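>>> I would like to see how this sequence folds:
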Amino acid sequence: MAYTLIKNGTLIDGNGGQPIVDACVLVKDNVIQAAGKLADIQIPSENVTEVDVNGGFILPGFIDTHVHMMFEVGPVEKQVTTPFSYRFYQATQFMKRTLDAGITTIRDAGGTDAGVKQAIKDGIVPGPRMQISITPLTITGGHGDSWMRSGVDLTLHGYPGSPDGLCDGVEEVTKKVREVLRAGADVIKVHATGGVLSPTDHPEFTQYSQEELEVMVREAAYRRGLKVMAHAQGKVGIKNAVLAGIHSIEHGIFIDDEVANLMVQHGTYLVPTLLAPVSVLENAEASGSMPEYGVQKCREVVEYHKESIALAYQAGVKIAMGTDAGVMAHGTNLRELGLMCEIGMSPMESLVATTKTAAECMGWDDQIGTVEAGKLADIVITSTDPLTDIRSLENNDNIVAVFKDGELVKNKLNKVPATSN
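As a prediction, the model looks like this:
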C-alpha cells in the first residue's frame, strides 16, 4: 500500500468549477483518495511520496477522443516503400509524444489493433489508455478507400487482427461489424460521408444509408453493448448518422440549425477536430507532402468547419475534444483547445471538453475525466495557468508532470519526489 501526495498547486478538477488554491491530491496506489484544500485532507503518517508541484496547476489527465496512433500523414512515396512492420515501432514514438503532451487516454479512430492496446496494458511500451476501433467501415469509392484512378490502390486491405473495412449493403455491413468486433474493437468507426484526404469523393458526399447505419448501431449494441462513432462531414450524412443512433459525430463540417437541434435532442456528441484541416494546409505549405486533391478540399471547407462548430456549440451540442492526430504530428494535440476557444468556448469549457465530457463520450466517466475521490490517478501538472493562457498548453515543456494510472510517466519538476516513512 503506497500513497502519493501531490501538493502546493492550484487544482482545476475538470468539473468546470472555480479552481482551488493551495490544493493537494492524495493517491493510494493508482486511485485518487481525496482532492481539495491541503488543510481539509487527512494525510497518512507513513509511506507517503510527496510531489511538490511548486505552485503549478493540477488537472485531470487530458483525453483525445479522435486519434490515429499508428500513422502520421507524410509523402505518398514513403508510405508505399516503407516495410509494413515499421509502423509498429514508429508508433511507440507517437505514443510517448502523446503522453508527454498530457494526453493519458485516447479513442483511436482507425489503424490501431488489439495487440498495440495489449502491449500498453502489459507494460511493454508506454502509451495512453485506449479505446480502439481497429478498422473504419467504408463504402467502395468512399472515404477510406484509397484506390486511385491510375489503378494504384493505397488501401491497407487487412492483416491478422485488422479486417478490411470495405463493405456495401446491409448484409456486408452486418458481417463486417461482426468481424471488427471479433478482432477486439471497443467502438465501431464508420465513414458516413466523404472526406478531405480521400482521392475520389468530397466531404459533402453521403456514403451509407440510414438503414445501413442502423445495422451498425444494432450490431454493436446487441453483441457487445458498444457505440458507433461516425466520420460525418456533409449535412445529409450527419443527419442520417444522428437519426440512426450514432453516438458521436466526428468533424461535423456542414452542421446547420436543423442538424444541431437533432444532435441536442438525441444527445449526440460532437468531436470537432478543428486542428485537422488547419494542419493539412500548414503541412502543404511547409513541406508539400499533402496530396493536391486534399489541399483543395481543405481550402473549400476550413471556414465552413469553424462556423459549423460555433453553431453547434451555441445550440448546446455536447462537445468532446478530438484532434485527428496522425493527420498532424502526434504530441501537438493541445493546439485543439485554442481553436475551440476561437469558435466561442471559454478556456474552462475547452478543458472540460478534453476531460469530463471526453470521458463521458467514451463511457469511462466513472473512472477518469475529473480529479476526485474514486477516480483513477490520471493527473497532469502544468507550469502555466491554462485559464489565463490556454495556448500555453501547446508547448509540451509547460506540461511538467504526467501521472497515468498513478505512475509518474513524465517528470520535469524541479524537485525529485520525496518519501516520508
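
>>> could you count how many residues lie near the residue found closest to Gln42 once you drop the neighbours it is linked to in the chain?
Excluding the flanking residues, the one nearest Gln42 by C-beta to C-beta, 6 or more residues apart in numbering is Ala34, at 7.8 Å. For every residue, glycine as well, the C-beta is placed using N, CA and C. Using other C-beta atoms under 10 Å, Ala34 has 17 other residues around it.

>>> Ala34: what secondary structure?
strand (DSSP: H, G, I helix; E, B strand; the rest coil).

>>> would you confirm that His66 contacts His231?
No - using C-beta atoms under 8 Å, His66 is not in contact with His231, being 9.0 Å away.

>>> now do the shared contacts for the two.
Ala109, Glu250 (C-beta atoms under 8 Å, 6 or more residues apart in numbering).

>>> where along the stretch 301-421 of the chain do the strands fall?
318-319, 379-382, 399-404, 407-411, 418-420 (DSSP state E, counting those that start in this stretch).

>>> care to break the protein down by domain?
3-60+370-420, 62-362 (automatic domain parsing).

>>> comparing the ones you listed, which comes out most buried?
Among those, domain 62-362 has the highest mean neighbour count (mean count of other C-beta atoms under 10 Å), at a mean of 20.

>>> kindly check the end-to-end length of that domain for me.
13 Å (C-alpha to C-alpha, to the nearest Å).

>>> next: stretch 310-324.
19 Å.

>>> could you do stretch 280-295 as well?
7 Å.

>>> what mean pLDDT does it get?
The average pLDDT within stretch 280-295 is 79.

>>> now stretch 268-277: mean pLDDT?
So the average pLDDT for stretch 268-277 ends up being 97.

>>> the residue nearest to Gln42 and Pro83: what is the separation?
Distance of Ala34 to Pro83, computed by C-beta to C-beta, to the nearest Å: 50 Å.

>>> next one: Glu342
41 Å.

>>> what do you get for Gly406?
Gly406 is 37 Å from Pro83, by C-beta to C-beta.

>>> wait, which of the strands of the stretch 301-421 of the chain is closest to Gly111?
With C-beta to C-beta as the measure, strand 399-404 is the member of the strands of the stretch 301-421 of the chain nearest Gly111 (21.5 Å).

>>> elements contacting the closest one?
Secondary-structure packing of strand 399-404 (3 or more C-beta pairs under 8 Å, 6 or more residues apart in numbering; DSSP states H and E): helix 86-100, strand 103-108, strand 379-382, strand 407-411.

>>> describe which strands that strand pairs with in its sheet and in which direction.
Strand 399-404 has these partner strands in its sheet, going by DSSP bridges: strand 379-382 (antiparallel), strand 407-411 (antiparallel).

>>> so which of the helices and strands packed on strand 399-404 comes closest to Ile43?
Among the helices and strands packed on strand 399-404, strand 379-382 sits nearest to Ile43 (C-beta to C-beta), with 16.9 Å.

>>> among the strands paired with strand 399-404, which is nearest Lys117?
Of all those, strand 407-411 comes closest under C-beta to C-beta, at 16.8 Å.

>>> quick check on Thr10: phi, psi?
phi -100, psi 130 (degrees, to the nearest 10).

>>> what does Ile58 give?
phi -110, psi 120.

>>> isn't it up against Thr10?
Yes - the pair Ile58 and Thr10 passes the contact test of C-beta under 8 Å, sitting 6.8 Å apart.

>>> give me the common contacts of those two.
Listed as contacting both Ile58 and Thr10 by C-beta under 8 Å, 6+ apart are Ala23.

>>> where in this structure is pLDDT low?
1, 147-148, 151-154, 289, 415-421 (pLDDT under 70).

>>> contact partners for the nearest residue to Thr354 once chain neighbours are set aside?
Closest residue in space to Thr354, ignoring its immediate chain neighbours: Met321 at 3.7 Å, by C-beta to C-beta, 6+ apart. With contact set as C-beta under 8 Å, 6+ apart, Met321 has these partners: 62-65, 271-272, 336-337, 340, 350, 353-354, 357-358.

>>> for Met321, phi and psi?
Taking degrees, to the nearest 10 as the convention, Met321 sits at phi -70, psi 130.

>>> quick one: the helices in the stretch 1-150 of the chain, in order.
Secondary structure of the stretch 1-150 of the chain (DSSP state H, counting those that start in this stretch): helices at 76-81, 86-100, 114-121.

>>> out of those, which is closest to Asn411?
Per C-beta to C-beta, nearest to Asn411 of the helices of the stretch 1-150 of the chain: helix 86-100, 10.9 Å.

>>> which elements pack onto that closest one?
helix 114-121, strand 399-404, strand 407-411.

>>> can I get the first one in PDB, CA atoms only?
These are the backbone C-alpha positions of helix 114-121, laid out as PDB (Å, rounded to 0.1, in the frame of the first residue of the first chain):
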ATOM      1  CA  ALA A 114      -5.700  -5.100 -30.200                       C
ATOM      2  CA  GLY A 115      -2.100  -6.100 -30.000                       C
ATOM      3  CA  VAL A 116      -1.000  -2.500 -29.600                       C
ATOM      4  CA  LYS A 117      -3.500  -1.900 -26.900                       C
ATOM      5  CA  GLN A 118      -2.400  -5.000 -25.100                       C
ATOM      6  CA  ALA A 119       1.300  -4.100 -25.300                       C
ATOM      7  CA  ILE A 120       0.500  -0.800 -23.400                       C
ATOM      8  CA  LYS A 121      -1.700  -2.600 -20.900                       C
END
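
>>> could you number the chain from 23 rather than 1 from now on?
OK, 23 is where the count begins now, so the last one is helix 136-143.

>>> packing partners for that helix?
helix 108-122, strand 151-154.

>>> quick one, it and strand 421-426 angle?
Calculated by axes from the mean of the first three to the mean of the last three C-alpha atoms, to 10 degrees, helix 136-143 forms an angle of 100 degrees with strand 421-426.

>>> cool, the last one as well?
If you take the same axes, to 10 degrees, strand 429-433 sits at 160 degrees to strand 421-426.

>>> for strand 429-433, the distance to its chain's centre please.
20 Å (C-alpha atoms, centre = their mean, to the nearest Å).

>>> same question for stretch 342-358.
Worked out by C-alpha atoms, centre = their mean, stretch 342-358 lies 7 Å from the chain centre.

>>> before I go, just wanted to say thanks for your time.
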